[in-house]
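In: Show me how the following folds:
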Amino acid sequence: RHVIVLQSILALSPLSHAAWGGTVTLPAETLRDKIRGGLLGQILGNLNGLPHEMKYIAEPGNVTDYQPALPQGAWTDDDTDFEWVYIKVMQDENCLLLPPEQISRLWRERINKRIWCSNQYARQLMDLGIEPPLTGSAVFNPWADFNISGQFLCETFGLLAPALPQQAARIGLNYTRVAIDGEPAQTTQLFTSMIALAFVEDDIDALLDHGLAAIDPDSVIARIVKDVRNWHRQHPGDWRTTRRLLKDKYSRHNGETRDRNGHELNTGAIIAALLYGAGDFVPTLIAAFNFGWDADCNAATAGTIVGVRRGYRWMLAQGWPIVDRYKNTTRDNMPTDETITSFADRLTDLAEKVILEQGGQRQVTNGRIVYQIARQEPACVQRLENGETQTAALRERLQGDIKNTLAQPGSQQALARAAYYAICLDLAPALRQDHPQQWSDALAALSSYPNVVQVIFHHAPTPLGNDLRAKALAAGLQKPPTRANLW
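Out: Residues are numbered from 1 along each chain as shown. Now for the predicted structure:
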């Protein structure tokens, strides 16, 4: 066993090249500094990136000057406030992996506005009593196979698991799979692992190697990472060419929502920002802004990684105008007096729990707290599933309950849920033919959830949304005449 020990418990520099399976010694001051730096980097990337969000689609941006700044403090936005809800309850209940029924309850109580795309769709499925991870299955949620929630809702979970990439990925997947599946789940593993290892690894290329080791080698995400690295090697001083190559290869839907909100272009943009930024905070965020697409999300993820590397004290020493405030503007039944550092300190408390549960120790050396961390090797904890196999398994698992519910409905919610399942699993045609009255009652129950019907017909993207709408119409569900906002 190879033991890596800091020469001084006050050292702030990352620990590089520790052997897998060895022990990393991390002072509590360093852990806190890096967690605060990662969270501040995430928040700066998110909020400073909002002016660039979805502004650069066909062509890149042209940002040349940028000073990180939060002169009025930070505020809640979906890039950080989903995680904030989870972190608060994880800390309150001393539980790292909240169960599906509790996650659904949290959403119903606290996450009801300023949510979009796959998360908005998942929220409506919860009203039917559908729980995670089915709310994030592409069989039931037509956003789930491409949406970027796998990456922009994962970063704080990487901060919980310093030098523990497998556990970071497991925790991250417990929460991102509320709204995503498939390839987007690979992005959760990629970025949580890179963030976890940024505590002990300073080199961006090494972090990318570790990230690749954490995902399915047959995934599209793995090919994207390799492509962007190759283009960067070929064009180290020409990020615009890399951006053009990324767009040309991975745009599949003429720049529509499926591209702009998809994992392909946005993952590639994050990898490119890290490479062209060369580990420096400001150049990394400028690159993330300029690559465009969902630029605030991409800058938040890249900013987390570089923020961990640099640390909070370094960031404050730059003289950037940053007020320590995290104002709640979006989430019900959550604190109204949070600060950036109090949010980060919640993460630090949970990080200690992760370290200890994964075989680490908390010690006192020369009057100071240090953590002995049993460093993990990055590894893929969730491989890709075949879509047809997944659908067949769900059909086999649920069809008996669907038929029983139609025959003896216990509640309107259960009947509506059964109708939705039947439509998605291609069971509706037979049920409509064999049991016309029961099916009519089931459709009436589903129609009593107008937001669910809205997302089916007006808030579901190409291509899976088109398939779902065709199935719903064939099953007899009536399309709402107009599109309505859901919050």
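
In: hang on, Ser57 packs against Arg260?
Out: To be clear, residue 57 is Ile; Ser isn't right here. Yes. Using Cβ atoms under 8 Å, Ile57 makes contact with Arg260 at a distance of 6.1 Å. All C-beta atoms are positioned from the backbone trio N, CA, C, and that covers glycine.

In: Counting neighbours, go ahead and name the busier of the two.
Out: Using other Cβ atoms under 10 Å, the more surrounded residue of Ile57 and Arg260 is Arg260, with 18 against 15.

In: intersection of neighbour lists for Ile57 and Arg260?
Out: Common contact partners of Ile57 and Arg260 (Cβ atoms under 8 Å, 6 or more residues apart in numbering): Trp293.

In: I'd like to know how many residues surround Ala295.
Out: Neighbours of Ala295 using other Cβ under 10 Å come to 30.

In: can you pull the contacts of it?
Out: Taking Cβ under 8 Å, 6+ apart as the test, what Ala295 contacts is 49, 52-56, 61, 269, 288-289.

In: That one and Arg397, how far apart?
Out: 40 Å (Cβ to Cβ, to the nearest Å).

In: tell me which element Gln390 falls in.
Out: Here Gln390 sits within helix 387-407, counting by DSSP states H and E.

In: neighbouring contacts of the very next helix or strand once past that helix?
Out: Using DSSP H and E, the helix or strand that follows helix 387-407 in sequence is helix 412-424. Under the contact criterion Cβ under 8 Å, 6+ apart, helix 412-424 has outside partners 125, 127-130, 139-140, 398, 401-402, 405-406, 409, 427-428, 431, 439, 441-443, 445-446, 448-449, 452, 468, 471-472, 475, 477.

In: can you map out the strands along the chain?
Out: 3-4, 23-27, 74-75, 326-327, 361-365, 368-374 (DSSP state E).

In: so what strands line up beside the third one?
Out: Right, the one you point to is strand 74-75. strand 326-327 (parallel) (DSSP bridges).

In: what do you get for the second one?
Out: When pairing is defined by DSSP bridges, strand 23-27 lines up against strand 3-4 (parallel), strand 368-374 (antiparallel).

In: okay, the angle between it and strand 361-365?
Out: Relative orientation of strand 23-27 and strand 361-365, computed by axes from the mean of the first three to the mean of the last three Cα atoms, to 10 degrees: 50 degrees.

In: do the longest one as well
Out: Note on geometry: by the same axes, to 10 degrees, strand 368-374 and strand 361-365 are set 150 degrees apart in direction.

In: Quick one: mean pLDDT for strand 368-374?
Out: Averaged over strand 368-374, pLDDT sits at 97.

In: now the second one
Out: The average of the pLDDT scores along strand 23-27 is 96.

In: which parts of that strand are buried?
Out: Of the residues in strand 23-27, 23-27 count as buried by neighbour count, 16 or more other Cβ atoms under 10 Å.

In: For Thr241, list the residues it contacts.
Out: 231, 235.

In: Kindly confirm whether my reading is correct that His301 touches Gln151.
Out: His isn't right for residue 301; it's Thr. Yes. Using Cβ under 8 Å, Thr301 is in contact with Gln151, at 5.6 Å.

In: what touches both of the two?
Out: Joint contacts of Thr301 and Gln151 (Cβ under 8 Å, 6+ apart) are 191, 270.

In: In terms of packing, which of these two has more residues around it?
Out: Neighbours were counted for Thr301 and for Gln151 using other Cβ under 10 Å; Thr301 has more, 32 against 28.

In: Now do the helices in the stretch 151-300 of the chain.
Out: Across the stretch 151-300 of the chain, reading from the start of the chain, the helices by DSSP state H, counting those that start in this stretch fall at 155-159, 165-176, 182-198, 204-213, 220-234, 239-250, 257-260, 263-277, 281-291, 295-310.

In: Looking at those helices, which is nearest to Asn119?
Out: Nearest to Asn119, of all those, is helix 165-176, at 10.2 Å by Cβ to Cβ.

In: how many degrees apart are the closest one and helix 204-213 in direction?
Out: Going by the same axes, to 10 degrees, helix 165-176 makes 60 degrees with helix 204-213.

In: report the angle between the axes of helix 165-176 and helix 182-198?
Out: Using the same axes, to 10 degrees, helix 165-176 lies at 140 degrees relative to helix 182-198.

In: Cheers, nothing more for now.
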